[in-house]
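>>> Sharing a sequence plus its predicted fold:
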Amino acid sequence: MSDAGRDNVTAVFGRHDEQTMRQLRDVASRAERAALMADGHLGYVMPIGGVAAYRNKASVVGVGFDIACGNAAIQTDLRVESFDRAAWETLADEIAASVSFGMGRRNLADDAPVDHPLFASDSWTAIRESAGKREADSLVRKARGQLGTVGSGNHYVDVFADETGSIWVGVHFGSRGLGHTIASGFLALSQNEKWGTRAKERETLLDLDLPLGDAYWHAMNLAGEYAYAGREWVARKVVSILGGKEIDLVHNHHNFAWREEHDGQQLIVVRKGATPAFPGQRGFVGGSMGDNSVILRGALTNTDEQRAGLYSTVHGAGRVMSRTAARGKTKGWGPKARIVSPGLISPEMMKEWMDAKGVILRGGGLDEAPQAYRRLPEVLTAQGSTVEVLHTLTPIIVVMAGADEFDPYKD
């Protein structure tokens, strides 16, 4: 915890434990500026909810293994009064059957976007030169098959009603196996190991003027295109299942790095579980499975507080207990998994919460129960006047991977 680390922390929203703050100060000691959002908590090397700005460098573990994880929300032309409970139950079943959730799943839909233009991008060259042709070709095949799959963990497909009764579809996931493989590969190369070697999760700052940094930058941005394409395909698939038309789209990454100007300086800004929120920029921020979500925007006032926070905001409500603490310790996974030590949340507790909210849940495990998270309104209040809520989205349907699903690509 150097003095430089303390000096470079320009904004902290909300209250955080000392471990998280120590991690933030450590990151700040190597960055030009750093900030922490109100949903922050301990992560790998860099805290979730953390933002760090560098001079022409990108942090591989800062961006993380789920490169370009983010949220997309589509407002439809549908109205909540057009559906009854039975209709919503049927639609929940159809969404769960039509969208692929879980470990390394392939998108088997007839209209899966396997021929998306991103597969012809010149950025694949960076991966071929870094990983080798065989590894790169294998990754292309995996990426084609997984485009439009959601994964597990805290990734979801939701159907909401806003304060006017308008129906929205929201999704949360990232670049799946593509992003995980890119992050793992460049982490290994940065430690002078071969692509595919399991390397230690430690800070790696890549100079973007050097070949390795330039290759990572191109590969990271390719993963960003991939995540955008996947989220939009899934969200539009669900809109079609509902029988609606798209009116509006709000879309953003929250695990990524951007070239930005701050106070006249050209910087690389890494956001790990933080949403870009420049004045007027909109974002979709989800709560837990049993809470409201929001469409927000960066405040138009452009205050010192916004600048200190590097024009960033929360990406969700933020965890208050680990997955293990919530669900308990388990042995094995899938149908053979068994609980060897109970967690703080029981199935009855989760069901009681969801029933009280009237949410139709398909999938979801105890580690994603609402009790494992902060409340989003409190988190947003801690962000002060840096953001403005445009719409409050009340969940009707929540679809996630089942509790028995294992997924190595979750964030």
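Alright, I've got the coordinates.
>>> As a check, name the ranges of all strands in the stretch 301-411 of the chain.
Counting by DSSP state E, counting those that start in this stretch, one finds strands in the stretch 301-411 of the chain at the ranges 312-314, 328-331, 338-342, 360-364, 387-402.
>>> partner strands of the first one, parallel or antiparallel?
Within its sheet, strand 312-314 is paired with strand 274-276 (antiparallel), according to DSSP bridges.
>>> Contacts for the partner strand, please.
37, 49-51, 71, 252-254, 258, 283, 285, 298, 311-315 (Cβ atoms under 8 Å, 6 or more residues apart in numbering). Just so you know, the C-beta spots here come from the backbone N, C-alpha and C atoms, and that holds for glycine as well.
>>> so how far is residue 324 from residue 97?
According to Cβ to Cβ, to the nearest Å, residue 97 stands 30 Å off from residue 324.
>>> Helices along the stretch 101-250 of the chain, start to end?
In the stretch 101-250 of the chain, the helices defined using DSSP state H, counting those that start in this stretch lie at 124-131, 133-146, 176-190, 211-242.
>>> Could you find the closest non-adjacent residue to residue 213?
residue 206 (3.6 Å; Cβ to Cβ, 6 or more residues apart in numbering).
>>> Tell me if I'm right that the one you found and residue 189 touch.
No. Contact between residue 206 and residue 189 fails when scored by Cβ atoms under 8 Å: they sit 9.3 Å apart.
>>> Now for these two: what residues contact both?
Joint contacts of residue 206 and residue 189 (Cβ under 8 Å, 6+ apart) are residue 212.
>>> So which of the two has more stuff around it?
residue 206 (25 against 21; other Cβ atoms under 10 Å).
>>> Bridged to that one, which residues?
Note on residue 206: beta-bridge partners by DSSP bridges are residue 58.
>>> Who are the contact partners of it?
If you count contacts by Cβ under 8 Å, 6+ apart, then residue 206 has 57-60, 186, 190, 212-213, 216-217 around it.
>>> hmm, try it at 6 Å
Taking Cβ atoms under 6 Å, 6 or more residues apart in numbering as the criterion, residue 206 is in contact with 58, 212-213, 216.
>>> count of neighbours near residue 119?
Residues near residue 119, counting by other Cβ under 10 Å: 17.
>>> hang on, I meant residue 346
15.
>>> which non-adjacent residue is nearest it?
Residue 346 sits nearest to residue 366 (Cβ to Cβ, 6+ apart), 7.6 Å away.
>>> quick one, what contacts the one you found?
Contacts of residue 366 (Cβ under 6 Å, 6+ apart): 326-327, 345.
>>> Please narrow these to those residing in helices.
326-327 (DSSP state H).
>>> possible to save the contacts of residue 366 as TSV with distance to residue 41, neighbour count and pLDDT?
Listed next are those as TSV, based on distance: Cβ to Cβ, whole Å; neighbours: other Cβ atoms under 10 Å; pLDDT from 0 to 100:
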residue	distance to residue 41	neighbour count	pLDDT
326	13	21	91
327	17	25	87
345	17	22	93
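>>> Mind checking which of the contacts of strand 274-276 are buried?
37, 49-51, 71, 252-254, 283, 285, 298, 311-315 (16 or more other Cβ atoms under 10 Å).
>>> Out of these, the closest to residue 385 would be?
residue 298 (10.6 Å; Cβ to Cβ).
>>> tell me the pLDDT at that closest one?
Looking at residue 298, its pLDDT is 98.
>>> Tell me what it is bridged to.
residue 279, residue 387.
>>> doesn't residue 277 make contact with it?
Yes. With contacts counted by Cβ atoms under 6 Å, residue 298 reaches residue 277, the gap being 3.7 Å.
>>> Quick check: residue 239 vs residue 165, distance?
17 Å.
>>> Which one of these two is surrounded by more residues?
residue 239 (22 against 12).
>>> Name all residues that make contact with the residue nearest to residue 93 when sequence neighbours are not counted.
Spatially, and ignoring its direct neighbours in sequence, residue 93 is nearest to residue 362 (7.2 Å; Cβ to Cβ, 6+ apart). By Cβ under 6 Å, 6+ apart, the contact set of residue 362 is 92, 96, 399.
>>> and which of the residues you listed is nearest to residue 172?
residue 399 (11.3 Å).
>>> In this structure the closest one contacts residue 159, no?
No. Using Cβ under 6 Å as the test, residue 399 is too far from residue 159 to be in contact (8.4 Å).
>>> and stretch 129-144, average pLDDT?
On average, stretch 129-144 scores 95.
>>> do stretch 82-97 as well
97.
>>> then it to PDB, C-alphas only?
Output of stretch 82-97 as PDB, limited to C-alpha atoms (Å, rounded to 0.1, in the frame of the first residue of the first chain):
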ATOM      1  CA  SER A  82     -51.500  -7.900 -22.500                       C
ATOM      2  CA  PHE A  83     -50.200 -11.000 -20.600                       C
ATOM      3  CA  ASP A  84     -51.600 -13.000 -17.700                       C
ATOM      4  CA  ARG A  85     -49.700 -15.200 -15.300                       C
ATOM      5  CA  ALA A  86     -50.300 -18.400 -17.300                       C
ATOM      6  CA  ALA A  87     -48.900 -16.700 -20.400                       C
ATOM      7  CA  TRP A  88     -45.800 -15.600 -18.600                       C
ATOM      8  CA  GLU A  89     -45.200 -19.100 -17.300                       C
ATOM      9  CA  THR A  90     -45.400 -20.500 -20.800                       C
ATOM     10  CA  LEU A  91     -43.100 -17.900 -22.100                       C
ATOM     11  CA  ALA A  92     -40.600 -18.500 -19.400                       C
ATOM     12  CA  ASP A  93     -40.500 -22.200 -20.400                       C
ATOM     13  CA  GLU A  94     -40.000 -21.300 -24.000                       C
ATOM     14  CA  ILE A  95     -37.100 -18.900 -23.300                       C
ATOM     15  CA  ALA A  96     -35.400 -21.500 -21.100                       C
ATOM     16  CA  ALA A  97     -35.800 -24.100 -23.900                       C
END
